[in-house]
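Peer 1: fold the following and give me the result.
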Amino acid sequence: MNSIMGKIRNRIRAKGRGWVFTPKAFLDIGTRGAVYQTLSRLAKQGLVRRLDRGVYDYPKQHTTLGTLSPNVDSLAQAAASRSGDTTFPSGALAANMLGLSTQVPAKSVYLTNGLTRTKKVAGRTIAFKHARVPVMDRLSNTANLTLQALSYLGKDSINDQTIGLCADKLTDQDLRKMAAVTDQVPAWMAGAIVKMRYKKHGQVRKQA
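Peer 2: Numbers count the residues shown, from 1 in each chain. Sure, this is the predicted structure:
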């Protein structure tokens, strides 16, 4: 148990303060029972905080405010991981994060490859909505963000400026992988991906 305790403690500290997690993050270290027991002991010691059933965090500390509340994005990721789902910011938030929109969504809505549902975690209500465009494990976070943002903006809102902004955010590897999954997205979105690749290659040639 001491060996498991040390390994779990080291992993938590390595992740850094603000990390929200579930016991699943440590099942490679010990059995489910041993992990739960260890996390319970660490919570009693004050290293971690139990936020909800099966959800913990390594809380951030502020010199004046003390222990800070967990980040809602981290809560959403942890809640989704409990059911084995992949989750991502909503299309509206994705568009804002990529600089494609100035609108900031007021509600905490996240897209998932799982069922549409609402969950309450650590006193916060988080809405999970089944994504019209699948969240793909093989793609990077930026690539997935781009697909969700495009889906939110819609076909009629995609212009040369949007294509250029997306191309600037994506790497060549991102675009190659996105091109490999065009059969899983609408035809207009597949066309946008092709235009991004042309735009990216044109920028590289111009720089050379």
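Peer 1: mind listing the strands for the protein?
Peer 2: Under the criterion DSSP state E, the chain contains strands at 20-21, 49-52, 55-57, 61-62, 66-67, 87-89, 109-112, 117-121, 124-130.
Peer 1: where does this structure have low pLDDT?
Peer 2: For the chain, the stretches with pLDDT under 70 are 1-2, 106, 203-208.
Peer 1: show me how the record splits the protein into domains.
Peer 2: Split into domains by automatic domain parsing, the chain comes to 2-67, 72-207.
Peer 1: got those as a markdown table, with mean neighbour count columns?
Peer 2: Any C-beta I mention is one placed from the backbone N, CA and C, and that applies to glycine too. Listed next are the domains of the chain as a markdown table, based on neighbours: other CB atoms under 10 Å:
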| stretch | mean neighbour count |
| --- | --- |
| domain 2-67 | 15 |
| domain 72-207 | 17 |
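Peer 1: OK, contacts around Leu75?
Peer 2: 20, 51, 55, 121-122, 124, 126 (CB atoms under 8 Å, 6 or more residues apart in numbering).
Peer 1: give me the residue at the spatial middle of the protein.
Peer 2: Geometric centre of the chain, nearest residue: Phe88, 4.6 Å, by CA atoms, centre = their mean.
Peer 1: I'd say that one and Asp137 touch.
Peer 2: No - taking contacts as CB atoms under 8 Å, Phe88 lies outside contact range of Asp137: 11.2 Å.
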